[in-house]
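In: Here's my sequence, what's the structure:
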Amino acid sequence: MTNVDYVDGFTWHGRLGDLKNAFKYKVGFVLLDLDESVRGPAFFSRTSGNFFGIIDSDYGGPPGAGRSSSWVREVLASYDLKGVEKYFYWLNLEF
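Out: You can find the predicted model right below:
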């Protein structure tokens, strides 16, 4: 997979019963192969700055020292999950 896919959505949190309270907010995900170079839209880049970019070292550890795909594989293996080939980056998008 060399392309970048974007998944747009909302998450909702709420209480039901006597005390009602609820809110929702927009969330977005970027789906890409962490082990391949990717081709994305002109405004997207990987491992370098752009209008929108993913810096691998910001994920899977402290900012700037993350281990990206190796960390993801370790977490999946710790839960005995096999055959996972696609990973999501979660983005906090507020509009």
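
In: show me what contacts the closest residue to F44 other than its chain neighbours?
Out: What sits nearest to F44 in space, not counting adjacent residues and going by C-beta to C-beta, 6 or more residues apart in numbering, is F52, at 5.2 Å. In this view, the C-beta of every residue, glycine as well, is placed from N, C-alpha and C. By C-beta atoms under 8 Å, 6 or more residues apart in numbering, the contact set of F52 is 43-45.

In: In helices, which of those residues appear?
Out: In helices, judged by DSSP state H, none of the contacts of F52 are found.

In: one step back: could you tell me how far the residue nearest to F44 is located from S70?
Out: Plainly put, F52 is 24 Å away from S70 if you go by C-beta to C-beta, to the nearest Å.

In: so V27 touches H13, yeah?
Out: No - the pair V27 / H13 is not scored as a contact, 11.7 Å apart, by C-beta atoms under 8 Å.

In: between these two, which one's more packed in?
Out: Per other C-beta atoms under 10 Å, whichever of V27 and H13 has more neighbours is V27, with 15 against 9.

In: neighbours around the closest residue to that one other than its chain neighbours, how many?
Out: Take V27 and drop its neighbours on the chain: the residue closest to it by C-beta to C-beta, 6+ apart is T11, 5.2 Å away. By the criterion of other C-beta under 10 Å, T11 has 9 neighbours.

In: Spell out the secondary structure type for T11.
Out: The three-state assignment at T11 reads strand, by DSSP: H, G, I helix; E, B strand; the rest coil.

In: Can you tell me the element S70 falls in?
Out: Assigned by DSSP states H and E, S70 falls within helix 68-78.

In: Identify each buried residue in that helix, please.
Out: For helix 68-78, burial by neighbour count (16 or more other C-beta atoms under 10 Å) applies to 68, 72-73.

In: Could you do stretch 55-67 as well?
Out: Neighbour counts over stretch 55-67 (16+ other C-beta under 10 Å) mark 58-60 as buried.

In: can you redo the residues you listed as TSV with distance to L81?
Out: TSV is the format used below for those (distance: C-beta to C-beta, whole Å):
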residue	distance to L81
D58	23
Y59	18
G60	16
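
In: looking at the chain, which residue lies furthest from center?
Out: Computed with C-alpha atoms, centre = their mean, the residue of the chain farthest from its C-alpha average is D18, at 35.5 Å.
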